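In: Fold the following.
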Amino acid sequence: MSLFKAREWWSAVLGEGEEFDQGCLCIGDVDNSGTGLDKVVVGSYIGMLRIFSPHVSKSGEGGSADANLLEVQLQNAIIQVEVGKFVSCSELLHLAVLHPRKLSVYSVSGTAGNVEHGSQYQLKLVYQHNLQRTACNMTYGTFGGVTGHHSLCIQSMDGMLMFFEQDSYSFGRFLPGFLLPGPLVYNPRTDSFLTVSSARQLESYKYETLAVATEAESRQDPDLPVKTGGKRLMPDWVFVLGEQALDLSVPSFSHSSSSIFILGERNLYCVRDNGQMRFMKKLEFNPSCFMPYSTVTDGTTSMLLGNHTNMLLVYQDVTLKWVAQLSFVPVAIRVANFLELKGLVVSLSSDGHLLCSYMGTDPTFFSMPKVDAREADYEQMDAEMKKLQKIIREATRTQDILPKADSETDLIVTAAVSSSMDNPSRALIQDINGLPVPSVSVQVKVKASCVVQSSKLTVGVQPPLAVTQDQFVLDPMGVGSSTVVAFSAFLNGRYPPADLTGDITVSYSSPTGVPRVLQSRFSLPLALVCAPSSPAKTTKFKITVDTNQPPVDLKSIFPACSAKSEDKDGNSLAFQFLSGASVTVLASKTSQRYRIQSDSFEDMWLVVKELVQRFDQHFSKVGVKDFKKSFSGPLPLQEYFLCVDHHFQLRVNAQQYQDLLSERAVQFRAIQRRLLTRFKDKTPAPLQNLDTLLDATYSQVMALAEAAEENQVLLGEAFVRLQSATHLLVLLLSLWQGLTSDQTVILEATLLPLLQDTPQLGWEESCDAAVSHLLRSCLSRSPKDQATSLAQAGGPVLGLPRDTTRLKKHITLLCDRIGKGGRLTLASEANVQVPVQVQSLAAPGGVEPIAEVAADEEELELLQEATKFIKKKQPHKKVKKADRPDSQRDEIVSIQGDHTNHCER
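Out: Numbering: from 1, shown residues only. Below you'll find the predicted structure:
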């Protein structure tokens, strides 16, 4: 027995195939029995009206049938039912039933029966109103302060409020700026009507204002002048919600609270009678209905709130007091008093499940039998305590931010790349530089371990790679079923990609309705972007990789290229990229070295990556556990900086094209305005060559637009090449210093902070900010400098720099500090002990930061270290200041000169 489950006291299922909504349920002593006990009135959209008096049957059978007092089939659909004093000269309660085109008021009376089946109930029509407009909802109350009876207000679908005083029609008013109807409620404390408009705001209209406003015989344009002598209708106050409201409620049990409750789609609002907010509660679920009710604590209001996860929540203002589980999603909730039990919760579902429940548990009469007393085993208790303390320590030691994924997933995604190329190829570009463009097939299998109704599969590859189809809509899958989709990948550009891996993303909803995303990766073969060729003897760029194992035959490492290779010894291989560059791999016969050389620096990345991966796979199969690879040569920073400068120059060109386009567009519009003025003039005037100037400006705009588009294509290609060069530099740095996988990930995230360039944020400024952060934090020279950098907050806004000098010096200094044993770690920031003199900088109101001076001093230190690393100075000797060599003096002067120029900029 669950404590947090609504306990069923009485229930009934109302018909089959009937639909119910928020206004189809009301509570009251509709038969005027005088006992003060409530009856449950339910109306459905098919016109069925039912009245129940719930009670627990003594025999335990026929409870719902005995409780059904009346069941009548009406001719029209029932939108809303209310119980009130709707008949003049009568203090009895009557039932108001709202139909789409009719309002009917009935009296319910009971006659004592002569047999054991009980009383007989009859429904008599007192009066009805035929409506000229389709009704949406209604509210009732003592409009205008009249006591003794209730008036009715009906809101139509086109925004008209129709007022009825018993059996007579009073007047009608159109709401201003109306689009769609919203919830409507009457506030007796201020004699005003509250509704939520399509502008997603709560509006209040006083009854007096509505009564003296313009008569609404037909809808008028709000911009037209008022025809009659009435006043224009305006709300007394407006409260902006920002979301659509599901329901409104004005509690009448306490006049001191003066609160208005609004249930939104994601929030619960409480405002005062004058429109001022009292409190707001953000909901973490989708609500379906709510109802405020009286509370025992003064100044607070309790609420029942139902949601779409079959939960019934009890709030006291914004504090959650209780949660109970229901068997359905409630669309209407009321609180009623019956003979056996007071304060029962009456809930109604959209399919007609009527439930009277209470919260808590049924008392149990089970008593635990006495057991024989045994002596405590303290050694066993001590061992159990140590085991539990160990589990607690391990649980508190983990600092994972994201929750761990479930061991059993709903879907299993596996991707299989074909070992052979497609025949024929499915590439859009058939050949590049005379070489055929191949394509390879990829099969993705999705297996379900539960029922999955709707799922979508998306495929993503790095440019310029492309696929034949990147989105798939999967069919519904049952338990154990699987679906297979296939597509082909190929090169769709005249330059090699930076990565041959692809991503597969499957989005679906779990059986409980929770949206989930599953990701998987696949690797495309190197033969997709290159073909075997003859080795080149002379190249511009060379990289040497050392190993601790004897040289292996390259044909065994690359078996697919051995058949087309001209070298019979297996000491050399060449790869001809489809874009034109050729990469040669040479294996030394005497030493344990391998050389990769090419005329294009960035094109060597894919070959070097493939070579290192295949070395690891080969030696792991052989059984060599201590295989190591390293890079001993100088870092190719100057070659890398060529890619950086090329990418930066294209970004500068793009900015210049954008500025020129803006100027020419302004000029074009100015000429158009002048020509239009000349053409509109009644007296013809000479054009003074404005038409010629317009044609010339138009030609310039089109030429600049085409040049900007071409530059944008080149910029995308340059960014991909920069990615390849950066990946290659990161790999060489990790081989040079033997970095771990975590350190390599940090370095790669630092040098490649963006997946693509944007007009607002580019690679240069992002990379410079990331590198500067590493130089000031984990790669700083002293803990004091590191703590000082952590205490500083804020920074300049990132933007396109003037040149790449600062970035290149920072990258050089980063490589220098890594070469000197610097550790790349993100946890070092949390382990730094901040000195006392630095803590005052971080304290609020301690010391105002002097950003410019600090930045200049730090820039000078970075430039000095970078210049030393670039120029490869001789070993330092102790020389007096007067006897300093000219070369060192010139070097220091040049550094200070660069720093001065930077400060002037």
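In: Mind giving me the packing neighbours of the longest helix that the chain contains?
Out: In the chain, taking DSSP state H as the definition, the longest helix is helix 690-737. In this structure, helix 690-737 packs against helix 604-622, strand 629-630, helix 637-680, helix 741-751, helix 805-819, with contacts taken as 3 or more CB pairs under 8 Å, 6 or more residues apart in numbering; DSSP states H and E. Glycine gets a C-beta too; all of them are placed from N, C-alpha and C.
In: and the ones you listed, which is most packed in?
Out: When you average the neighbours per residue for each of the helices and strands packed on helix 690-737 (mean count of other CB atoms under 10 Å), helix 805-819 leads with a mean of 21.
In: Can you show me the CA trace of that helix as CSV?
Out: Once non-C-alpha atoms are left out, helix 805-819 reads as follows in CSV (Å, rounded to 0.1, in the frame of the first residue of the first chain):
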residue,chain,number,x,y,z
THR,A,805,50.7,38.6,-34.2
ARG,A,806,49.4,38.2,-30.7
LEU,A,807,47.7,34.9,-31.4
LYS,A,808,50.9,33.4,-33.0
LYS,A,809,53.0,34.5,-30.1
HIS,A,810,50.6,33.0,-27.6
ILE,A,811,50.5,29.7,-29.4
THR,A,812,54.3,29.7,-29.5
LEU,A,813,54.5,30.4,-25.8
LEU,A,814,51.9,27.6,-25.2
CYS,A,815,54.1,25.1,-27.0
ASP,A,816,57.2,26.4,-25.1
ARG,A,817,55.6,25.9,-21.7
ILE,A,818,54.2,22.5,-22.6
GLY,A,819,57.8,21.6,-23.8
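In: got the angle for it vs helix 690-737?
Out: 10 degrees (axes from the mean of the first three to the mean of the last three CA atoms, to 10 degrees).
In: Which secondary structure elements does helix 805-819 sit against?
Out: Helix 805-819 makes packing contacts with helix 637-680, helix 690-737, helix 741-751, helix 763-776, helix 851-871 when contacts are defined by 3+ CB pairs under 8 Å, 6+ apart.
In: which residues touch the third one?
Out: The contact list for helix 741-751 (CB atoms under 8 Å, 6 or more residues apart in numbering) reads 726-727, 729-730, 733-734, 739, 767, 770-771, 774, 811, 814, 818, 823-826.
In: Report the distance from that helix to the chain centre.
Out: Mean C-alpha position of helix 741-751 versus that of the full chain (CA atoms, centre = their mean, to the nearest Å) differs by 26 Å.
In: what about burial for the contacts of helix 741-751, which qualify?
Out: 726-727, 729-730, 733-734, 739, 767, 770-771, 774, 811, 814, 818, 824-825 (16 or more other CB atoms under 10 Å).
In: Closest to Leu131 out of those?
Out: Ala770 (67.9 Å; CB to CB).
In: quick one: low-confidence parts of the stretch 451-600 of the chain?
Out: Where the stretch 451-600 of the chain drops to pLDDT under 70, the residues are 562-570.
In: Point out where the stretch 651-800 of the chain drops to low pLDDT.
Out: Low-confidence segments of the stretch 651-800 of the chain, defined by pLDDT under 70, are located at 782-796.
In: again, 50 this time
Out: Within the stretch 651-800 of the chain, the segments meeting pLDDT under 50 span 790-791, 793.
In: can you redo the helices and strands packed on helix 805-819 as a markdown table with distance to Gln80?
Out: Listed next are the helices and strands packed on helix 805-819 as a markdown table, based on distance: least, CB to CB, whole Å:
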| stretch | distance to Gln80 |
| --- | --- |
| helix 637-680 | 57 |
| helix 690-737 | 60 |
| helix 741-751 | 59 |
| helix 763-776 | 59 |
| helix 851-871 | 64 |
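In: wait, which of the ones you listed is closest to Leu573?
Out: With distances scored as CB to CB, the stretch of these nearest to Leu573 is helix 690-737 (18.2 Å).
In: Okay, angle between that closest one and helix 637-680 too, please.
Out: Relative orientation of helix 690-737 and helix 637-680, computed by the same axes, to 10 degrees: 160 degrees.
In: Report how many residues lie close to Phe338.
Out: By the criterion of other CB atoms under 10 Å, Phe338 has 21 neighbours.
In: Am I right that it is in contact with Asp38?
Out: Yes - if you go by CB atoms under 8 Å, Phe338 and Asp38 touch, sitting 6.6 Å apart.
In: What's opposite the residue nearest to Tyr508 when sequence neighbours are not counted in the beta bridge?
Out: Residue nearest to Tyr508 in three dimensions, not counting chain neighbours: Ser455, with 3.7 Å by CB to CB, 6 or more residues apart in numbering. For Ser455, the beta-bridge partners under DSSP bridges are Leu474, Tyr508.
In: Can you give me every residue that contacts Ser455?
Out: Contacts of Ser455 (CB under 8 Å, 6+ apart): 411, 446, 474, 477, 506-509.
In: and what of Thr544?
Out: With contact set as CB under 8 Å, 6+ apart, Thr544 has these partners: 593-596, 631-633.
In: Of the residues you listed, grab the buried ones for ChimeraX.
Out: To isolate in ChimeraX the members of those that are buried, counting by 16+ other CB under 10 Å, one can use:
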select :594,595,596,631
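In: Tabulate the contacts of Thr544 in TSV, adding columns for secondary structure and distance to Met311.
Out: What follows is the contacts of Thr544, written out as TSV (DSSP: H, G, I helix; E, B strand; the rest coil; distance: CB to CB, whole Å):
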residue	secondary structure	distance to Met311
Arg593	strand	68
Tyr594	strand	64
Arg595	strand	68
Ile596	strand	63
Phe631	coil	60
Ser632	coil	65
Gly633	coil	66
